[in-house]
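Q: coords please:
(2 chains)
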Amino acid sequence: MSSVSQNFMKLFRGSSGTETIPAQGLQKLTRRSSGLGELSRMWESAEDLCILDLGSTSPANIRHFTEHGHRIYSEDLLTASTDPELLSKNEEGSIVLDSRKFLADNLVYPAARFDVVLCWNLPDYLDESLVKPVVGRLWSVLKPGGMLLAFFHTRDAGPDSPCHRFHIVGTDTLEMQKIVLRREARRGPTGAIHTAISEGFQLQRVFNNRHIENLFRDFASIKFFLARDNIREVLVVR
Amino acid sequence: MSAPASGLAQIGKSVFIKGELSGSEDLYLDGQVEGSIALKGNSLTVGPNGQVKASVEAKGVVVQGKLEGNIQASDRVELRKSAIVTGDITTQRISIEEGAYLKGKVDIHRTDK
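A: Residues are numbered from 1 along each chain as shown, chains lettered A, B, ... in the order given. Predicted coordinates:
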């Protein structure tokens, strides 16, 4: 089955795309990224940049940036969004995630701190209530002229849309690793919070181009890179 | 999971310390500490049961447990796969195992030889 999928992926390999690599029993993918390639030119020519990585803690990314003499901040927002303390009831009595509390505990930085924000696929998997507040906060912590890289699915491929963590392995190459476990918070009938481990993060929605433009409407410019693996890369400049 | 070397100063998992912890020998900490830890010229290892809410200043820092606070290491920092660290890290060298969690800044200060 895996050889079939490998052959299938080979057919669709393009300037931005994925390729399966068997590694220690775990299927890992490498992906050429045009957006990353463009950002690489920036961090290879500049010194002492301030970079915010919003994916899962990645030793490869930390090594990559510190070797280039940049400062890297790591903050796993998807994992942070599963904190049971964030659950609250809205006016209709429904259980929602409290975006104010989320932003009080996360992304707490001075304005215009970062030159680059690596969002990866965060907006696709983040709870609906958090997406716009988080993008608003990212605008404020980016320097004017600072850049943000995000990936969006072009369609929901169900189980073929797993949430990945991204490791930078080259100037325009990423290694993608499926996130297997997540903590899930539920408030029971008595109000007690129960946590459980479930498999991966679910794709929450599929943004089209207009949605994406709307999401980043406060930014100065937006550039799309289309890939052949149902991923749309977006490079946004504040 | 690496066990503490014999002869190493140890704080066991049932010990809770609140305040300033300082010393001039390597320390293995598997208990709870709140405050600050200063081991200039020596190393701190936070064991798998260790829960630290403190700023840490040492030559080397190895984290297997939970550490909340800034780490300033004159030599190196190691985050093992079970490490959960919230705070900024300033060091000369760092190694992070797959699975470790870090929320904070990594700042590498290289001294020219």
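
Q: rest of the way, CA atoms for contacts and neighbours
A: Fine.

Q: helix, strand or coil for the closest residue to residue A:215 other than its chain neighbours?
A: Among residues not flanking residue A:215 along the chain, residue A:132 sits closest, at 6.8 Å (Cα to Cα, 6 or more residues apart in numbering or on different chains). Residue A:132 falls in the helix class when you classify it by DSSP: H, G, I helix; E, B strand; the rest coil.

Q: number of nearby residues for residue A:132?
A: Here the count is done by other Cα atoms under 10 Å in any protein chain shown, and residue A:132 has 15 residues near it.

Q: got any ranges where chain A has weak pLDDT?
A: Low-confidence regions of chain A, defined by pLDDT under 70, span residues A:1-27, A:156-160, A:181-199.

Q: and the gap between the residue nearest to residue A:215 and chain B?
A: 22 Å (Cα to the nearest Cα, to the nearest Å).

Q: now swap in residue A:179 and tell me
A: Residue A:179 is 11 Å from chain B, by Cα to the nearest Cα.

Q: OK, contacts around that residue?
A: For residue A:179, the contact set (Cα atoms under 8 Å, 6 or more residues apart in numbering or on different chains) comprises A:162, A:163, A:164, A:165, A:200, A:201.

Q: give me the number of residues near residue B:20?
A: Using other Cα under 10 Å: residue B:20 sits among 13 other residues.

Q: so which strand or helix has the residue of chain A found nearest chain B?
A: Going by Cα to the nearest Cα, chain B is nearest to residue A:73 of chain A, at 4.1 Å. Using DSSP states H and E, residue A:73 sits within strand A:71-74.

Q: and that strand, what does it pack onto?
A: strand A:50-53, helix A:59-67, strand B:101-108 (3 or more Cα pairs under 8 Å, 6 or more residues apart in numbering or on different chains; DSSP states H and E).

Q: ok, longest strand in the chain?
A: Since no chain was named, I'll use chain A. strand A:142-153 (DSSP state E).

Q: nope, chain B
A: Every strand in chain B considered (DSSP E), the longest is strand B:32-46.

Q: which residues sit against it?
A: So strand B:32-46 is in contact with B:13-30, B:50-67, B:74, going by Cα under 8 Å, 6+ apart.

Q: please apply the same query to stretch A:119-127.
A: With Cα under 8 Å, 6+ apart, stretch A:119-127 has contacts from A:53-55, A:77-78, A:81, A:97, A:131, A:148-153, A:163-164, A:166, A:201-207.

Q: just the endpoints, please. Distance across it?
A: Its start and end residues considered, stretch A:119-127 measures 15 Å (Cα to Cα, to the nearest Å).

Q: which residues touch the closest residue in space to residue B:9 that isn't next to it in sequence?
A: Counting by Cα to Cα, 6+ apart, residue B:27 is the residue found nearest to residue B:9 once chain neighbours are left out, at 4.9 Å. Remark: with contacts taken as Cα under 8 Å, 6+ apart, residue B:27 is in contact with B:8, B:9, B:10, B:11, B:42, B:43, B:44, B:45.

Q: ok, the last one to residue B:39 distance?
A: If you measure residue B:45 against residue B:39 using Cα to Cα, the figure is 11 Å.

Q: repeat for residue B:30
A: Separation of residue B:30 from residue B:39 (Cα to Cα) stands at 16 Å.

Q: counting neighbours, go ahead and name the busier of those two.
A: residue B:30 (25 against 21).

Q: which residue comes closest to that one once chain neighbours are left out?
A: Spatial nearest neighbour of residue B:30, chain neighbours left out: residue B:50 (4.0 Å); criterion: Cα to Cα, 6+ apart.

Q: so the one you found sits against residue B:29, correct?
A: Yes - contact criterion Cα atoms under 8 Å: residue B:50 and residue B:29 qualify, at 6.0 Å.

Q: how much space separates the residue nearest to residue B:30 from residue B:23?
A: From residue B:50 to residue B:23 the distance is 18 Å (Cα to Cα).

Q: of the two, which one has the most company?
A: Between residue B:50 and residue B:23, counted using other Cα under 10 Å, the more crowded position is residue B:50 (26 against 14).

Q: ramachandran coordinates for the more buried one?
A: With angles defined as degrees, to the nearest 10, residue B:50 sits at phi -70, psi 140.

Q: ok, it - contacts?
A: B:13, B:29, B:30, B:31, B:32, B:64, B:65, B:66, B:67.

Q: just the buried members of the residues you listed?
A: Buried members of the contacts of residue B:50, counted by 16 or more other Cα atoms under 10 Å in any protein chain shown: B:29, B:30, B:31, B:32, B:64, B:65, B:66, B:67.

Q: could you work out the most separated pair of those?
A: Spatially, the most separated pair among the buried ones among the contacts of residue B:50 is B:32 and B:64, at 13.2 Å (Cα to Cα).
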